[in-house]
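> generate coordinates for the sequence data below:
(one chain, ligands or ions: 2)
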Amino acid sequence: MFITCWSVKGGVGTTVVAAALAVGRARTAASGVLLVDLAGDQPHALGMAEPVGPGVAEWSSAGSAVPPDALARLRTEVSPGLAVLHRGRGPIDPTRAEVLASVLAREPVEVIVDAGRLDVAPAGVTVGAALAGAADRSLLVIRPCQLGLFRARHLPVQPDAVVVVREPARVLGRGDVEQVVGVRAIAELAVDPAVARAVDAGLLASRLPRSFAAAVEQIR
Ligand SMILES: Nc1ncnc2c1ncn2[C@@H]1O[C@H](COP(=O)(O)OP(=O)(O)O)[C@@H](O)[C@H]1O
Ligand SMILES: [Mg+2]
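Ligands and ions are numbered 1, 2, ... in the order given. Take a look at the predicted model:
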């Protein structure tokens, strides 16, 4: 399975959803899980040390001189069965997007991509959008708020499903998102203080709050 999580607005919980998906699946997937961090925030969500050394950005700028499987050597193990392919520094060369997508699509492990906020650059598709297009599941992570729904009217790529992150006492909800985007909500997750505390304590990978983990399991 190859899943790309993305958003149209920062701060909605995309990184946390991708992290929780990866942590949850690493517990059950016999093959293991590779979490590809295109946005660069996963170390902060997972409470791991900031990886040093080259990542996706350096691999991309090295061009075709570097074999695609060199990516396999850039992984950092977070916990048993869970590795992160970190972003690295500098821009990710969009001309390497298709190669990256095909390497990830051939992975024997489950692949979860945190593509962050997607904007299609005027010159063409971004790397995150290419990985959303190549994935088995392209998931838009969205909070039902006015700006989120406004941006959802003109999406850079079409998602297969949405993951709704719901704040209490909001008037807008899952139905509004489904109506605007035109795809179903595969899961509805709560903004949960236990999740925020786990992130702040660096404990999301080891102590994923149980109710959040159960809600994330709906994502298949
Ligand atoms: N379900 C949640 N419940 C509580 N806090 C959350 C939840 N999801 C994310 N957060 C917090 O909200 C902030 C933004 O989350 P993040 O996943 O980094 O958003 P994004 O990747 O969309 O920018 C972080 O401080 C994170 O800890
Ligand atoms: Mg993020």
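> got the CA coordinates for the helix or strand where Ala130 lies in CSV?
For Ala130, the host element (DSSP states H and E) is helix 127-134. Output of helix 127-134 as CSV, limited to C-alpha atoms (Å, rounded to 0.1, in the frame of the first residue of the first chain):
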residue,chain,number,x,y,z
VAL,A,127,6.9,16.5,-6.2
GLY,A,128,4.1,16.1,-3.6
ALA,A,129,1.4,16.3,-6.3
ALA,A,130,3.3,13.6,-8.3
LEU,A,131,3.4,11.3,-5.3
ALA,A,132,-0.3,12.0,-4.7
GLY,A,133,-1.0,10.9,-8.3
ALA,A,134,1.2,7.8,-8.0
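> contacts for it?
Residues outside helix 127-134 that contact it (C-beta atoms under 8 Å, 6 or more residues apart in numbering) are 2, 4, 6, 36, 38, 60, 92, 94, 96-98, 100-102, 104-105, 113, 115-116, 118, 120, 125, 138, 156-157, 159. Backbone N, C-alpha and C define where each C-beta goes, glycine included.
> restrict these to those near ligand 2?
Gly116 (C-beta under 5 Å from the ion).
> can you turn the buried part of the contacts of helix 127-134 into a ChimeraX selection?
Buried residues within the contacts of helix 127-134, by 16 or more other C-beta atoms under 10 Å, are selected in ChimeraX with:
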select :2,4,6,36,38,60,92,94,96,97,100,101,104,113,115,116,118,125,138,156,157,159
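> does any part of the longest helix along the chain sit near ligand 2?
The residue-count maximum for a helix in the chain (DSSP state H) belongs to helix 14-28. Yes - using C-beta under 5 Å from the ion, helix 14-28 reaches ligand 2 at 14-15.
> and for Gly11, the neighbour number?
Number of residues near Gly11 (other C-beta atoms under 10 Å) recorded here: 9.
> quick one: residues contacting the residue nearest in space to the middle of the chain.
Taking C-alpha atoms, centre = their mean, the centroid of the chain lies closest to Asp114, which sits 2.1 Å from it. The neighbours of Asp114, taking C-beta under 8 Å, 6+ apart as the test, are 5, 14-15, 18-19, 35-39, 41-42.
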